[in-house]
Every structure is written in C-alpha cells, then in structure tokens.
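1. Only the shape, not the letters, is given here:
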C-alpha cells in the first residue's frame, strides 16, 4: 500500500522511554492517590494520552486546577530520568536513516505527540529533530486538542496530505485506536516481537516491527 505522507508518534515509537514515563508517573500517582501505577494502567490508560487526561484519571475526574498543573512536575521527573540514562538516550535504531530517506524522496512527514512543549523542545535540542522537521510543524499537547485524534488531523493538515494517503507509526493501544478513528488505515506498530500477532489483529494495522533498522538498507 502506497503512502504520500507520514505521521510519527514520538514516545515509544521514535524514542524508547516507557521506563522513564513509568518512573515519572509513579511519582505523581503516589502524590495524588498514594500508590504506583500498574502495567495495565500504563498500556490502557496512560500511554499516548494527554497528561491532563491522566491526572483526571488518577483523581477520578475530581482534580483541582492546582492538581492539573502538577503534570508539569511529572515531566521534570521524566526529563531528569532521560538525561541520567545516557546509554539509552537516543533515537530508535534506523530513525535517522529513515528521516534522511523521506527527505531525499520529498515525502512530507511530521510528529504528533501527546508530549507538552517543554518535552518537545527537550527532544528537538537533544536529538537535533530540526534537521528534518521544522519545530513549528510538530504537533504536541498545547492544551487545545480534545484527544490524539484531533492531533492526527492537525498533523495531516500540516503536511498537506489526506488521511487516507498517510501512514502513521504508533506504539500504544490508545494511539493505534486513535489513528484508526482519525481515518488512517495504514498503521505501523512498533512493538516487542512477542506482541506482533496481537497488534496485527487491530483495525488499520498493516505492519509490525521492533525498530527502523530496515532504513539502513534503503
């Protein structure tokens, strides 16, 4: 199936950082409800959703304005954990080569991430993302999007391609569902080998893989 443009999720797709999110959300979860998160919550409730939604989840929808503002504290924890893990603080294998290939072929692409601006700025600076993507073309959680579906629609507008001709790279259950609900039927999932069969059953999923190492052969 051909595509004319690409939208990439970021966390867990272009940068493997789930363990950092777990540690950071654990800190916030303990503050708000006195217990750590479970793996099921991480995969079904937290990954790929805006931070404010997660804070509302922790508080059963009863978060005060002050509590909602605490999500930035989670990101401070997260960025610190990233910088401390120097061995793993890099883009996923093959991403740079794939970006280079897309630029060479003049295929438009951007990122649609549930991260906040401070994290996006952190990624741009740390990974040199502006080599391939204009910072202003990256879609992130600025508080104006109802959900990731709206972010995908905005990203499609940014690259100027109809959603039916776009391929989306995702990693989370919620991200896959939102990509499909946004109208994408070319979803590629980054996942562990043992989860490939499960993800291939999801609507819109056409391929599964562990990283972008294929790009080194392009």
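-> All right, it came through fine. Keep in mind it's a predicted model, so treat the numbers as computed, not measured.
2. Point out where the protein drops to low pLDDT.
-> 1, 48, 72 (pLDDT under 70).
3. Could I get the full set of helices for it?
-> Taking DSSP state H to define them, one finds helices in the chain at 18-33, 39-41, 51-58, 65-68, 71-84, 95-104, 117-127, 148-159, 173-181, 196-200.
4. Return the residue of this structure that is most distant from the centre.
-> Ranking residues of the chain by C-alpha distance from their mean position (C-alpha atoms, centre = their mean) puts residue 34 at the top, at 27.0 Å.
5. Relative to residue 26, how far out is it?
-> Using C-beta to C-beta, to the nearest Å, residue 34 is found at 12 Å from residue 26. For every residue, glycine as well, the C-beta is placed using N, CA and C.
6. cool, and residue 116?
-> Residue 116 sits 19 Å away from residue 26, going by C-beta to C-beta.
7. Tell me which of these two has more neighbours.
-> residue 116 (20 against 16; other C-beta atoms under 10 Å).
8. you'd agree the more buried one is up against residue 75?
-> Yes - with contact defined as C-beta atoms under 8 Å, residue 116 reaches residue 75; the gap is 6.1 Å.
9. between the two, what contacts are shared?
-> Shared contacts of residue 116 and residue 75 (C-beta atoms under 8 Å, 6 or more residues apart in numbering): residue 51.
10. got a list of what residue 193 touches?
-> Counting by C-beta under 8 Å, 6+ apart, residue 193 has contacts residue 210.
11. try residue 208
-> Contacts of residue 208 by C-beta under 8 Å, 6+ apart are 188-191, 195-196, 199-200.
12. now do 7 Å
-> Applying C-beta atoms under 7 Å, 6 or more residues apart in numbering, we find residue 208 in contact with 189, 191, 196, 199-200.
13. Go ahead and confirm residue 55 touches residue 69.
-> No - at 8.9 Å, residue 55 does not count as touching residue 69 under the criterion of C-beta atoms under 7 Å.
14. quick one: which of those two has more around it?
-> Taking other C-beta under 10 Å, residue 55 and residue 69 do not tie; residue 55 has more neighbours (20 against 12).
15. distance of the more buried one from residue 62?
-> 10 Å.
16. repeat for residue 28
-> For residue 28, the distance to residue 62 (C-beta to C-beta) stands at 15 Å.
17. Neighbour count: the two, which is higher?
-> Comparing residue 28 with residue 62 by neighbour count (other C-beta under 10 Å), the higher total belongs to residue 28, at 22 against 8.
18. Now do the contacts for the residue nearest to that one when sequence neighbours are not counted.
-> By the measure of C-beta to C-beta, 6 or more residues apart in numbering, the closest residue to residue 28 outside its immediate chain neighbours is residue 74, 4.5 Å from it. With contact set as C-beta under 7 Å, 6+ apart, residue 74 has these partners: 24-25, 27-28, 51.
19. cool, residue 140 as well?
-> Going by C-beta under 7 Å, 6+ apart, residue 140 touches 113, 115-117, 120.
20. now do 8 Å
-> By C-beta under 8 Å, 6+ apart, residue 140 lies in contact with 111-117, 119-120, 151.
21. Which residue, other than its chain neighbours, is closest to it?
-> Spatial nearest neighbour of residue 140, chain neighbours left out: residue 120 (4.7 Å); criterion: C-beta to C-beta, 6+ apart.
22. wait, isn't the one you found in contact with residue 138?
-> Yes - between residue 120 and residue 138 a contact is recorded at 5.8 Å, counting by C-beta under 8 Å.
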